[in-house]
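> Quick check, what structure comes out for this input:
(chains A, B, C and D)
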Protein chains: 2
Amino acid sequence: MVSGMAGLRERKKEQTRRRIAEVALRLFAERDFAAVTMTEIADAAEVSRATLFSYYPTKESLVLADVGAEDLAAVVTARPAGSTPLAALRGYYRDLAAGPIAELDREATVTRLGVIFASPALSAAANSLLYRQRERLAAALAEEYGERVAAIVAAEVTAAVLTIQERYFRRLVDGADPVAAGRGLADDVTLAFDLVERGVAGA
Amino acid sequence: MVSGMAGLRERKKEQTRRRIAEVALRLFAERDFAAVTMTEIADAAEVSRATLFSYYPTKESLVLADVGAEDLAAVVTARPAGSTPLAALRGYYRDLAAGPIAELDREATVTRLGVIFASPALSAAANSLLYRQRERLAAALAEEYGERVAAIVAAEVTAAVLTIQERYFRRLVDGADPVAAGRGLADDVTLAFDLVERGVAGA
DNA sequence: GTCGAAAAACAAACCCAGTCCAATTTTCTG
DNA sequence: CAGAAAATTGGACTGGGTTTGTTTTTCGAC
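Sure thing, here's the model as predicted:
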């Protein structure tokens, strides 16, 4: 079985997986995250409850499955020789702001983020996804900065990045023009890394 | 009814409240947070399940009830005229490291923190407590730095502070001498605020 | 002390997320 | 087509958290 060949099995699974997530998101947007039960989602997606849980192990993962898939530690360890870790992270987010994020379907993105921001449980879950990233980033940074500084810098970077993402999404949800919001995001990335590198005094 | 007069009612409630938390912490330390049920805790504390939940609305709150009670936003708004917000925060944590934290009962502190660190659910809950602090700190900082910078700086500060607290507690749990750990904490506070103020380049 | 009101504690039924398992159906492979 | 492997299913179960109506305890006034 060649990987990527995608037999009927794989295709149907992928299809079901997407259908479930879409149905769930629609329900969460209509009512509220807390007000929708897993049983309702299973019914609406026409799968059994057990199957639903086999695709998405938690209710939160229905919304956050592909969030936080990024790997900051890898960005650092795979950076070109001669560049600093912070320069590599800065470049990573600059590219992200210019490309992938700007090209997302605006409607869907706004819906999803509206749901996340409206639910304390989801916000908290998104938050703890980043928490694990932090630990791995700290390990990757330790070589360059030493363990002590690395721990703090990793915390600063992940927190700052979360904040500017929130700001970006908040603008979108509030109805800002996507292009302008994208520019704002790029500016925020610059500011955030300037702050980390040179501090409040120097930025 | 004068506040602080503490009639029998209040005293008994306070007593029950403490007994419940102590019993719960002991059970969590013996086994694991996830392995202890609320029913067991109620039985061991000799109250009904309903009463248990009326004292502590969630399982996490049994451990985290008095964590995160600090108010960083107030530290900033109540700072002496002429000082910067960051100087005020730095001073607040310097004093904390020198005084209150150093004087906690070591045994109890270590037990509690061992429980928190051993449980992903508790770590995540502690994390989201700080998340709310962040938003209020950002609002307090906005006057001085503008909204954009304030949001990022607030994120950096809260994340950095959490990190150095974790480092301190980790040292304690690992059996470090409390006095030495306290000195390490004070050093970390200095480093963290140096990083925020002057950046990686300048610290 | 006693009475009535307020507060606290209680038991029991209930909801929902998440787990487990054994039985069944669907897909793949030879 | 046969049989193995994977996916789906129903259903029972655990445990956190809520709700409701009842009983017990405390309190303040007399």
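> As a check, name the ranges of all helices in chain A.
Taking DSSP state H to define them, one finds helices in chain A at A:8-30, A:38-45, A:49-55, A:61-64, A:72-77, A:85-98, A:106-118, A:120-145, A:147-173, A:178-202.
> Quick one: these as CSV, columns for mean pLDDT too.
What follows is the helices of chain A, written out as CSV (pLDDT from 0 to 100):
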stretch, mean pLDDT
helix A:8-30, 91
helix A:38-45, 98
helix A:49-55, 97
helix A:61-64, 96
helix A:72-77, 94
helix A:85-98, 92
helix A:106-118, 88
helix A:120-145, 91
helix A:147-173, 92
helix A:178-202, 90
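> Switch those over to CSV; also include distance to DNA strand D and mean neighbour count.
(Each C-beta comes from the backbone N, C-alpha and C, glycine too.) Compiled in CSV, these are given as follows (distance: least, Cβ to the nearest atom of the strand, whole Å; neighbours: other Cβ atoms under 10 Å in any protein chain shown):
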stretch, distance to DNA strand D, mean neighbour count
helix A:8-30, 5, 15
helix A:38-45, 8, 16
helix A:49-55, 3, 14
helix A:61-64, 15, 20
helix A:72-77, 28, 18
helix A:85-98, 32, 19
helix A:106-118, 18, 16
helix A:120-145, 11, 18
helix A:147-173, 24, 22
helix A:178-202, 34, 19
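> With distance to DNA strand C as extra columns, can I get the ones you listed in CSV?
Output for the helices of chain A, formatted as CSV (distance: least, Cβ to the nearest atom of the strand, whole Å):
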stretch, distance to DNA strand C
helix A:8-30, 3
helix A:38-45, 4
helix A:49-55, 4
helix A:61-64, 8
helix A:72-77, 26
helix A:85-98, 29
helix A:106-118, 14
helix A:120-145, 9
helix A:147-173, 22
helix A:178-202, 31
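> out of those, nearest to B:Thr16?
Nearest to B:Thr16, of all the helices of chain A, is helix A:120-145, at 28.7 Å by Cβ to Cβ.
> contacting residues for the closest residue to A:Leu86 other than its chain neighbours?
Excluding the flanking residues, the one nearest A:Leu86 by Cβ to Cβ, 6 or more residues apart in numbering or on different chains is A:Glu197, at 5.7 Å. Contacts for A:Glu197 (Cβ atoms under 8 Å, 6 or more residues apart in numbering or on different chains) come out as A:86, B:199-201.
> A:Arg134 too?
Counted by Cβ under 8 Å, 6+ apart, A:Arg134 has contacts A:154-155, A:158, B:159.
> What distance do you get for it to B:Val153?
Using Cβ to Cβ, to the nearest Å, A:Arg134 is found at 18 Å from B:Val153.
> related to what we said a few turns ago, closest one to B:Ala180 out of the contacts of A:Glu197, please.
B:Val200 (26.4 Å).
> The closest one contacts A:Pro85, doesn't it?
No. Assessed by Cβ atoms under 8 Å, B:Val200 is found out of contact with A:Pro85, at 9.4 Å.
> Residues in contact with both of those two, list them for me.
Residues touching both B:Val200 and A:Pro85 (Cβ under 8 Å, 6+ apart): A:Tyr145.
> Could you report the neighbour count for A:Asp32?
Per other Cβ atoms under 10 Å in any protein chain shown, the neighbour tally for A:Asp32 reads 12.
> List the contacts of it.
So A:Asp32 contacts A:118-119 (Cβ under 8 Å, 6+ apart).
> residue contacts, A:Ala88?
Per Cβ under 8 Å, 6+ apart, neighbours of A:Ala88: A:75-76, A:79-80.
> again, 7 Å this time
With contact set as Cβ atoms under 7 Å, 6 or more residues apart in numbering or on different chains, A:Ala88 has these partners: A:75-76, A:79.
> what do you get for A:Ala21?
Each residue near A:Ala21 by Cβ under 7 Å, 6+ apart is listed here: A:62, A:65.
> same check, this time on A:Ser119
Counted by Cβ under 7 Å, 6+ apart, A:Ser119 has contacts A:32-34.
> if we can go back for a sec, A:Ala24: which of the contacts of A:Ala88 is nearest?
A:Val75 (30.6 Å).
> any idea what sits nearest the closest one, other than its immediate chain neighbours?
Here the residue nearest A:Val75, using Cβ to Cβ, 6+ apart, is A:Tyr92, at 4.7 Å.
> Tell me the pLDDT of A:Val67.
pLDDT for A:Val67: 77.
> how much space between it and chain B?
A:Val67 sits 15 Å away from chain B, taking Cβ to the nearest Cβ, to the nearest Å as the criterion.
> got the contact list for that residue?
A:126, A:129.
> rerun at 10 Å
A:60-61, A:112, A:116, A:122, A:125-126, A:129-130, A:165 (Cβ atoms under 10 Å, 6 or more residues apart in numbering or on different chains).
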